[in-house]
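S.K.: attaching a predicted model along with its sequence, questions to come.
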Amino acid sequence: MFTNRFGIEIEFTGITRNEAAKVAAEYLGATVASTGDYYDTKKVTTSDGRVWKIMSDGSINCQKKNGRQKIAATREHSVELVSPILTYREDIETLQELVRRLRKAGAFTNSSCGIHIHLDGSNHTPRSIRNFVNIIASKNDLFYKALQIAPERMSYCKKMDALLVDKMNRRKPKTMRAIEELWYEGYSESRDRHYHHSRYHFLNLHSFFTGNHTVELRGFNSELHAGKVRSYVVLALALNHQALTQKCASAKKPQTENEKFAMRTYLNRIGFIGEEFANCREHLTAHLDGSAAWRFRAA
């Protein structure tokens, strides 16, 4: 599952875009160039030609620290880190260390900030896209509790549309064109619009059908904790791999009388196996009720 390419967007505040670009450039041994565009983008270009972007995002509640207090700040403190195309084995340590350095420089997140992970969509088929929709629909409630999605962000990462899931499973579309028609059914706005309202779901296929042909997962509160960022990346890659390789997937919600056990066994099933992913399993089950070791309390 770690051969699939991905990109990540991490929103934060606490420092300015210029300060964030300087931190990134110093760590990556890169150059910085301002584009002067609407998003005040700073391009941080490394020696291998890859570009990390530091840009503004209008949804971020800008703050900075004044001693131990967090106070309102200017729009210069609206910062979104956009990575180039990454692969897990080659780039995860670089991503984690960059996150640590930004935090050390004074960056922090609040409830207005999110993390979005884009997954390479080139290997997806109509079957795997239907699988992805059903996987997310079946685990909606478990994921939202495990990830502690802030209420302020719910409008930007809604749960899977039950009507869409029902239509997908009744009609069983066999082509990408048919799935696309289902995805946009009920929306009156142009599909070419970048900020199309269909995109604001945990699973966003608007980015798949337009633009960069990626499957986007939006259901993560932003973090500058390197271990949690890694956990989110691994979860996204594992879900993507499950959708690609599983013959079929059901939207039926699982029995979760013991949430923590249900999540742990599910994570093991999709690849979170062994000591390497012990911290990931811990982060992703920390907010769930129950016992990770025993399904039934009596045991």
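M.R.: Now that the structure is in, tell me what you want to look at.
S.K.: what's the burial count for the residue lying closest to His283 once chain neighbours are set aside?
M.R.: Among residues not flanking His283 along the chain, Ser231 sits closest, at 4.3 Å (Cβ to Cβ, 6 or more residues apart in numbering). The way it works is simple: take the backbone N, C-alpha and C, and place the C-beta from them, glycine included. Per other Cβ atoms under 10 Å, the neighbour tally for Ser231 reads 23.
S.K.: wasn't Ser231 part of a helix?
M.R.: Yes. With DSSP: H, G, I helix; E, B strand; the rest coil as the criterion, Ser231 is part of a helix.
S.K.: how close does it sit to Cys113?
M.R.: From Ser231 across to Cys113, the span is 17 Å (Cβ to Cβ, to the nearest Å).
S.K.: wait, what's in contact with Leu119?
M.R.: Asn4, Arg5, Phe6, Thr214, Val215, Glu216, Leu217, Ala236, Leu237, Asn240 (Cβ atoms under 8 Å, 6 or more residues apart in numbering).
S.K.: tell me the bridge partners for the fourth one.
M.R.: The bridge-partner assignment for Thr214, based on DSSP bridges, gives Asp120.
S.K.: residues near it, how many?
M.R.: Using other Cβ under 10 Å, Thr214 has 22 other residues around it.
S.K.: same thing with the third one?
M.R.: Using other Cβ under 10 Å, Phe6 is surrounded by 23 other residues.
S.K.: now it: closest residue in space that isn't a chain neighbour?
M.R.: Using Cβ to Cβ, 6+ apart and skipping residues adjacent in sequence, the residue nearest Phe6 is Leu119, 5.3 Å away.
S.K.: returning to that earlier point: and the residue nearest to His283, what pLDDT?
M.R.: We have a pLDDT of 97 for Ser231.
S.K.: just the ones of the contacts of Leu119 in helices?
M.R.: Counting by DSSP state H, these place Ala236, Leu237, Asn240 in helices.
S.K.: re earlier: show the buried residues in the contacts of Leu119.
M.R.: Buried members of those, scored by 16 or more other Cβ atoms under 10 Å, are Asn4, Arg5, Phe6, Thr214, Val215, Glu216, Leu217, Ala236, Leu237, Asn240.
S.K.: let's have those in TSV, adding distance to Ala30 and pLDDT.
M.R.: As requested, the buried ones among the contacts of Leu119 are exported to TSV (distance: Cβ to Cβ, whole Å; pLDDT from 0 to 100):
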residue	distance to Ala30	pLDDT
Asn4	25	95
Arg5	20	97
Phe6	20	98
Thr214	24	97
Val215	28	97
Glu216	25	97
Leu217	27	97
Ala236	25	98
Leu237	25	98
Asn240	28	97
